[in-house]
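Novice: Sharing a sequence plus its predicted fold:
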Amino acid sequence: MPKPKKHILVCVQGRPPGHPRGSCQEKGCNALWQAFQQEFQQRNLWAEYLLTNTGCLGPCQAGPNVLIYPDNVMYSGVTVADIPELIEQHLQKDTPVERLKAPAGVW
């Protein structure tokens, strides 16, 4: 595989119910991960981009979280409905989606 244009990391961290930090899993990251995979398959993005699920990215209370490198942009509170916009704007047009960016105090 050639070097990818961007690497998308999707947090799938889970913690026991009631954990003080919460987790992206409590906030629907599994559906988010599945939807990202489907979009990658449907749009044939695997040749240019890398998609990886990962453990905790830090701001659990703000999840689900998605991190895009090499741009060093973290998105928080991402939903399945946000995926097309992230792909079209950030991945394909190199324009971060401002409304989804993690707050400055978080990232």
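Specialist: The structure has been received and is ready for your questions.

Novice: Straight-line length of stretch 68-79, end to end?
Specialist: 16 Å (Cα to Cα, to the nearest Å).

Novice: quick one: buried residues of it?
Specialist: I68, V73, M74, Y75, S76, V78 (16 or more other Cβ atoms under 10 Å). In this view, the C-beta of every residue, glycine as well, is placed from N, C-alpha and C.

Novice: I'd like to know the average pLDDT value across that stretch.
Specialist: Averaging pLDDT along stretch 68-79 gives 97.

Novice: How about residues contacting that stretch?
Specialist: Residues outside stretch 68-79 that contact it (Cβ atoms under 8 Å, 6 or more residues apart in numbering): 6-9, 27-28, 32, 57, 59, 62-67, 82, 86, 90-91, 94, 96-97, 100-103, 106-107.

Novice: give me that answer again for 7 Å
Specialist: Applying Cβ atoms under 7 Å, 6 or more residues apart in numbering, the contact partners of stretch 68-79 are 6-8, 32, 57, 59, 62-67, 86, 90, 96-97, 100-102, 106-107.

Novice: hmm, which of those are the buried ones?
Specialist: Counted by 16+ other Cβ under 10 Å, those give 6, 8, 32, 57, 59, 62-67, 86, 90, 100, 102, 107 as buried.

Novice: Please flag which of those sit within helices.
Specialist: Among the buried ones among the contacts of stretch 68-79, the members falling in helices are L32 (criterion: DSSP state H).

Novice: Out of the buried ones among the contacts of stretch 68-79, give me the two with the largest separation.
Specialist: K6 and A62 (21.4 Å; Cβ to Cβ).

Novice: ok, R21 to R15 distance?
Specialist: 7 Å (Cβ to Cβ, to the nearest Å).

Novice: quick one, which of these two is more surrounded?
Specialist: R15 (15 against 12; other Cβ atoms under 10 Å).
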